[in-house]
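[1] Generate a structure from the sequence data that follows.
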Amino acid sequence: MRSNRRLRWAAIPVALTLAVVLAGCTQAELHGYLPGFTEGEAPVTDRTEMVAGLWTNSWIVLLVVGVITWGLTLWAVVVYRRRKGQTGLPLQLRYNMPIEIFYTVVPLILVLGFFAFTARDQAIIETQFEQPDVEIDVYGKQWAWDFVYEGAADGEDVWSAGVQAQDIEGASEDGSVDQEQLPTLYLPVDAKVNFDLNSRDVQHSFWVIDFLYKKDLYPGITNHMSVQPLREGTYAGKCAELCGEYHSRMLFNVKVVSQEEYDEYIQSLVDAGNVGDYGDTYDRNYTPGLTGGESEEGAES
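    Okay, the predicted model is just below:
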């Protein structure tokens, strides 16, 4: 009884210490230093909190398991070390049924728990909006991006065609690229956006870093993703699948803007004549009469 009371009293200062430490954490620390979180501001999208929560909580559980395992290992090393004057082998123990059951059941519970939470979050993240505000076709190509805004101009598609990253003229060879020439995807803040992801040639991967989400693009197969951007700003994107010589230059930006600025951008594309079909007819291996199937492959968090 006394030992139990001591443990309870010892747990109180530990719990208080943890509460104080966690209360003093910044948003970056609370979310495992993942990108996309700024103190006092909304998350970048409606999905980032969920992804970060799954990631951070998984690491907390694994860290607890690691600490217990390391502690038991060190305890066994210290307690059962050879003492001065001892000879021969110590008493050999085996077939400890309670410990064997423990080391079987606990990992099973952890695996099932990780699977259940991952399946739950993935089902939510992969669900497309039934009535999206914006629908965009994304086309990856060696080594740039094309964006088609479906029905954005009185029912007609509006598009922007990109080129691969270009060096800043006159700059030193430090890898700096001209941000103004990068393909740029515009999204209205708070709008529900559905993406159709396609490849014009080889396999690519559409990754907006601060969205904490990426998805693969396959030739002849259309993948899907959806997101609701919640914070205005410019966010870097890139291809996350090795796709050839200039893979590292397959960059783009995402600009989350107000609805008014989004409408102005769409109108600028209309004024430039970027209206009409810019879909799979421009694919490298396009064959009239043949269309690709649809899939939900390549999702990564």
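[2] hang on, T73 in a helix?
    Yes: residue assignment for T73, taken from DSSP: H, G, I helix; E, B strand; the rest coil, places it within a helix.
[3] give me the number of residues near it?
    The criterion is other C-beta atoms under 10 Å. On that basis, T73 has 10 neighbouring residues. C-betas here are computed from N, CA, C, even on glycine.
[4] Could you check how far it is from V79?
    Remark: distance between T73 and V79 (C-beta to C-beta, to the nearest Å) = 11 Å.
[5] Equivalent analysis for V105, please.
    Distance, V105 to V79, by C-beta to C-beta: 25 Å.
[6] what about the two, which has more around it?
    Legend: neighbour count by other C-beta under 10 Å for V105 and V79, higher for V105 (10 against 7).
[7] got a list of what that one touches?
    Taking C-beta atoms under 8 Å, 6 or more residues apart in numbering as the definition of contact, V105 has no neighbours.
[8] Please apply the same query to N253.
    Counting by C-beta under 8 Å, 6+ apart, N253 touches Q179, L182, P183, T184, L185, T234, Y235, A236, G237.
[9] what does R249 give?
    By C-beta under 8 Å, 6+ apart, the residues touching R249 are W143, Q164, A165, V177.
[10] Quick check on these: which are buried?
    The neighbour count (16 or more other C-beta atoms under 10 Å) marks W143, Q164, A165, V177 as buried among the contacts of R249.
[11] ok, back up a step: now render the contacts of N253 as a markdown table, adding pLDDT, neighbour count and secondary structure.
    As requested, the contacts of N253 are arranged in a markdown table below (pLDDT from 0 to 100; neighbours: other C-beta atoms under 10 Å; DSSP: H, G, I helix; E, B strand; the rest coil):
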| residue | pLDDT | neighbour count | secondary structure |
| --- | --- | --- | --- |
| Q179 | 90 | 14 | helix |
| L182 | 94 | 20 | coil |
| P183 | 95 | 21 | coil |
| T184 | 96 | 18 | strand |
| L185 | 97 | 22 | strand |
| T234 | 95 | 12 | strand |
| Y235 | 95 | 21 | strand |
| A236 | 94 | 15 | strand |
| G237 | 95 | 23 | strand |
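[12] Regarding R284, what is its secondary structure?
    Counting by three-state DSSP, the backbone at R284 sits in coil.
[13] how much space between the residue nearest to it when sequence neighbours are not counted and D146?
    In space, R284 comes closest to D201 once its chain neighbours are excluded; the distance is 4.3 Å by C-beta to C-beta, 6 or more residues apart in numbering. Distance, D201 to D146, using C-beta to C-beta: 12 Å.
[14] what does T45 give?
    Separation of T45 from D146 (C-beta to C-beta) stands at 22 Å.
[15] Look at the two and report which has more neighbours.
    Neighbours of T45 and D146, each counted by other C-beta under 10 Å, are more numerous for T45; the result is 25 against 19.
[16] can you give me the strands in this structure?
    The residue ranges that make up the strands of the chain, judged by DSSP state E, are 134-141, 144-153, 156-161, 184-188, 193-199, 204-208, 213-217, 221-227, 233-239, 251-257, 293-294, 299-300.
[17] ok, and which of those strands has the densest surroundings?
    strand 204-208 (a mean of 25; mean count of other C-beta atoms under 10 Å).
[18] which residues are contacting that strand?
    With contact meaning C-beta under 8 Å, 6+ apart, strand 204-208 is reached by 138, 140-141, 195, 197, 213-217, 225, 235-241, 243, 250, 254, 298, 300.
[19] Need the outlier residue of this structure, farthest from its centre.
    G85 (57.9 Å; C-alpha atoms, centre = their mean).
[20] out of the buried ones among the contacts of R249, what pair is the most spread apart?
    The most widely separated members of those, counting by C-beta to C-beta, are W143 and V177 (12.1 Å).
[21] which stretches of the stretch 151-300 of the chain have low pLDDT?
    Judged by pLDDT under 70, the stretch 151-300 of the chain has its weakly predicted residues at 170-175, 287-300.
[22] Give the full set of residues in contact with R82.
    R82 is in contact with P90, counting by C-beta under 8 Å, 6+ apart.
[23] and if we set it to 10 Å?
    Residues near R82 by C-beta atoms under 10 Å, 6 or more residues apart in numbering: G88, L89, P90.
[24] same deal with P132?
    E150, A191, K192, V193, N194, F195, S226, Q228.
[25] measure it to M225 for me?
    11 Å.
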